[in-house]
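Peer 1: need a structure here:
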Amino acid sequence: MTPRTIQLSLVLLLCFSVHIFGESPEIEYGQKSELRGVTSVFIDAGLELSFRDNAVALLKQELPKLKVTEHAGEAEVLLTVRLEGTDRGHGSATVVVSRAGSKPNTVRILAKYTDSKSSIWTKKLSSVLIGRFIRDYREANR
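Peer 2: Residues are numbered from 1 along each chain as shown. A predicted model of the protein is given here:
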């Protein structure tokens with residue numbers, strides 16, 4: 001493991017400790033342009049497996065050179081999903097794009113995408129939100 005991978009793993013552990021112990025990591029704010037040169041992402045969708053599966057399929061189709069990892073510690077960027085309702089039906093979702101910060105125990109937030117849907121006839125939330133990430137990734141890597 002590289003030092004950056006270890007740092008990201010520690011940051012992710014800290015993020016999970018927020019839910020358990022109420023501790024929160026220090027937050028830094030970055031820019032979408034920091035997606036330049038990123039080669040791997042991890043999608044943390046919790047138990048929302050259909051959201052994750054659709055997101056992975058979209059990323060593989062649209063950004064085949066971007067690796068979607070199975071372990072958070074292997075990724076340069078983390079996409080954290082919070083879904084209320086369902087991906088296909090009524091609901092709302094938020095995707096936060098983050099990476100390890102400049103210091104240990106920090107998280108750097110690069111972007112946040114939010115959307116809601118009130119009809120089964122509109123696109124899946126995962127398609128809309130991951131589509132926004134794809135747009136920003138392409139913009140950063142022109």
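
Peer 1: number of residues surrounding Ala100?
Peer 2: 25 (other CB atoms under 10 Å). Quick note: C-beta positions are derived from backbone N, CA and C, even for glycine.

Peer 1: give me the pLDDT for it.
Peer 2: At Ala100, the model reports a pLDDT of 89.

Peer 1: that one pairs with what?
Peer 2: Counting by DSSP bridges, Ala100 forms beta bridges with Val107.

Peer 1: again, but for Leu83
Peer 2: Ala93.

Peer 1: who's in contact with it?
Peer 2: 45, 48, 51, 91-93, 125 (CB atoms under 8 Å, 6 or more residues apart in numbering).

Peer 1: quick check: the farthest pair among the residues you listed?
Peer 2: Across the contacts of Leu83, the longest distance by CB to CB is 14.5 Å; it joins Ala45 and Ser92.

Peer 1: between the two, which has more neighbouring residues?
Peer 2: Between Ala45 and Ser92, Ala45 has the larger neighbour count (other CB under 10 Å), namely 22 against 14.

Peer 1: contacts only, for that one.
Peer 2: 51-52, 55, 81, 83.

Peer 1: how about the strands in the chain?
Peer 2: Per DSSP state E, the chain carries strands over the ranges 26-29, 40-44, 67-68, 77-85, 91-100, 106-117.

Peer 1: between the fourth one and strand 91-100, how many degrees?
Peer 2: Here the directions of strand 77-85 and strand 91-100 differ by 160 degrees (axes from the mean of the first three to the mean of the last three CA atoms, to 10 degrees).
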